[in-house]
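**Q** Here is the input, now give the coordinates:
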Amino acid sequence: MVKAVIAGASGGIGQPLSLLMKLCPLVDELALYDVVNTPGVAADLSHISSTAKITGYLPKDDGGKAAMKDADIIIIPAGIPRKPGMTRDDLFKINAGIVKGLIEIAADVAPKAFILVISNPVNSTVPIAAEVLKAKGVFNAQKLFGVTTLDIVRAETFVAEIAGKKTGSELTVPVIGGHSGETIVPLFSQISPSGVTVPDDKYDELVNRVQFGGDEVVKAKDGAGSATLSMAYAGYRFAEKVLKAAKGEKGLVEPSFVYLPGVPGGKEIAEKTGCDFFSVPIELGPNGAEKATNVLGNITAKEQKLLEACTTGLKDNITKGVTFAHNPPQK
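**A** Okay, here's the model as predicted:
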């Protein structure tokens with residue numbers, strides 16, 4: 001029996017993500033949690049004739065604990081979306097507090113769950129989650145993931161457009177670093193299958209589009225939201241890989257923002273980048289993050305420059321998260 005939880009299930013990402021998880025044959029029980037509307041979302045989805053039994057919870061009567069109790073996988077898209085003119089930094093104070101509260105519940109009632117953090121800014125919310133789990137004595141670096149899959153999905157899609165491929169899913173484009181702006185580093189030199197290249201005259205434009213694709217969506221939605229549907233797809237894609245790997249399927253690799261010193265193969269990457277949290281291709285298995293793949297040895301001079309800008313910003317983001325976890329603002 002696999003129990004999955006979506007914390008933030010009524011929101012712009014949460015609802016389509018809940019739909020996708022309801023359709024997933026790997027899920028037996030799907031618990032939805034949010035501050036509003038969750039019973040309605042659950043009732044709506046419960047009419048779909050797929051495997052997962054669905055329940056919806058609100059904060060009253062310890063709904064968070066009831067939703068997360070004994071979960072195998074907890075996906076957290078909770079928080080407010082980015083609005084026009086808003087940086088991921090602006091989101092920080094609100095979303096940081098939300099994530100901290102949810103992780104505190106998860107640590108108490110589902111200490112062995114895989115935890116997938118979608119709530120932005122991921123560069124800071126994942127370090128917050130790690131510090132909360134450490135304080136509760138249940139931190140397992142192999143089971144905590146920052147979901148950066150949307151950056152990979154965008155890179156695949158945009159490269160496919162340039163390369164004349166029918167779909168980006170034919171390609172593997174490693175994207176490393178963090179999950180905002182300049183901290184996102186697409187490694188176009190390591191696209192597979194080999195032979196697919198990005199022309200020099202399109203390189204800078206494409207890097208910028210992968211790094212700031214979220215702004216494209218915020219602008220197009222004209223103040224009505226951010227990237228919700230593509231993020232729900234990306235969150236589902238990563239969650240499905242985690243669940244398949246937990247059941248023993250081999251060869252499942254996806255970049256994710258993890259605590260490198262706690263993942264096999266990660267220590268060397270942490271030393272090279274100077275960042276304890278960093279997204280690199282992760283080999284998934286029954287224990288979660290089984291191996292971090294060091295892709296830094298083959299990067300080009302252009303990618304090295306991108307990496308330097310990435311690590312400068314990322315270190316600040318990580319420190320901000322750790323500081324918040326230990327000294328949250330007084331209400």
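**Q** how's the chain carved up into domains?
**A** Following automatic domain parsing, one gets these domains for the chain: 3-146, 149-318.
**Q** now the strands for this structure?
**A** Counting by DSSP state E, the chain forms strands over residues 3-7, 29-33, 53-57, 73-76, 114-117, 144-146, 175-177, 184-186, 253-259, 277-285, 288-292, given from the N-terminal end onward.
**Q** hmm, back to that, could you point out which of the domains of the chain sits nearest residue 326?
**A** Evaluated over those, closeness to residue 326 peaks at domain 3-146, with 6.6 Å, by Cβ to Cβ. No exception for glycine: its C-beta is placed from N, CA and C like everyone else's.
**Q** partner residues bridging residue 281?
**A** Taking DSSP bridges, one finds residue 255 as the beta-bridge partners of residue 281.
**Q** quick one: contacts for it?
**A** With contacts defined as Cβ atoms under 8 Å, 6 or more residues apart in numbering, residue 281 is in contact with 174, 176, 253-255, 292-293, 295.
**Q** now residue 188
**A** Taking Cβ under 8 Å, 6+ apart as the criterion, residue 188 is in contact with 155, 159, 173, 197-198, 203, 206-207, 303.
**Q** now stretch 4-15: mean pLDDT?
**A** Predicted confidence along stretch 4-15 averages 97 (mean pLDDT).
**Q** ditto for stretch 70-85
**A** The average pLDDT within stretch 70-85 is 88.
**Q** Ok, stretch 117-125 next?
**A** Per-residue scores along stretch 117-125 average to 95.
**Q** Over to stretch 320-331?
**A** 88.
**Q** for it, which positions count as buried?
**A** Counting neighbours by 16 or more other Cβ atoms under 10 Å, one finds that the buried residues in stretch 320-331 are 320-322, 324-325.
**Q** will you turn those residues into a markdown table that also has distance to residue 20?
**A** Output for the buried residues of stretch 320-331, formatted as a markdown table (distance: Cβ to Cβ, whole Å):
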| residue | distance to residue 20 |
| --- | --- |
| 320 | 31 |
| 321 | 28 |
| 322 | 32 |
| 324 | 30 |
| 325 | 30 |
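**Q** Return the closest of the residues you listed with respect to residue 150.
**A** When the buried residues of stretch 320-331 are compared for distance to residue 150 (Cβ to Cβ), residue 321 wins out at 19.4 Å.
**Q** how far away is that closest one from residue 63?
**A** From residue 321 over to residue 63 the distance is 26 Å, taken as Cβ to Cβ, to the nearest Å.
**Q** same thing with residue 308?
**A** Residue 308 is 45 Å from residue 63, where distance means Cβ to Cβ.
**Q** Settle it for me: which of these two has more neighbours?
**A** Each of residue 308 and residue 63 has its neighbours counted (other Cβ atoms under 10 Å); residue 63 has more, 20 against 12.
**Q** Any idea how many residues pack against the closest residue in space to that one that isn't next to it in sequence?
**A** If the residues on either side of it in the chain are set aside, residue 63 comes closest to residue 57, at 3.6 Å by Cβ to Cβ, 6 or more residues apart in numbering. Counted with other Cβ under 10 Å, the neighbours of residue 57 add up to 23.
**Q** how about low-confidence regions in the stretch 51-200 of the chain?
**A** Across the stretch 51-200 of the chain, the stretches falling below the confidence threshold (pLDDT under 70) are 82-84, 88.
**Q** Can you show me the helices along it?
**A** Chain-ordered helices for the stretch 51-200 of the chain, with DSSP state H, counting those that start in this stretch as the definition, fall at 63-68, 88-109, 122-135, 149-163, 200-211.
**Q** so which of these is the most packed in?
**A** Burial among the helices of the stretch 51-200 of the chain, expressed as mean neighbours by mean count of other Cβ atoms under 10 Å, is greatest for helix 122-135, which shows a mean of 26.
**Q** what's the spacing between it and its chain's center?
**A** Relative to its chain's centre, helix 122-135 lies at 13 Å (Cα atoms, centre = their mean, to the nearest Å).
**Q** and if you look at stretch 298-308?
**A** With Cα atoms, centre = their mean, you get 23 Å for stretch 298-308.
**Q** go on, stretch 222-235?
**A** 13 Å.
**Q** partners of residue 176 in the sheet?
**A** Listed beta-bridge partners, residue 176: residue 185 (assigned using DSSP bridges).
**Q** Report the contact partners of it.
**A** Residues counted as contacts of residue 176 (Cβ under 8 Å, 6+ apart) are 185, 187, 255, 278-281, 295-296, 307, 310.
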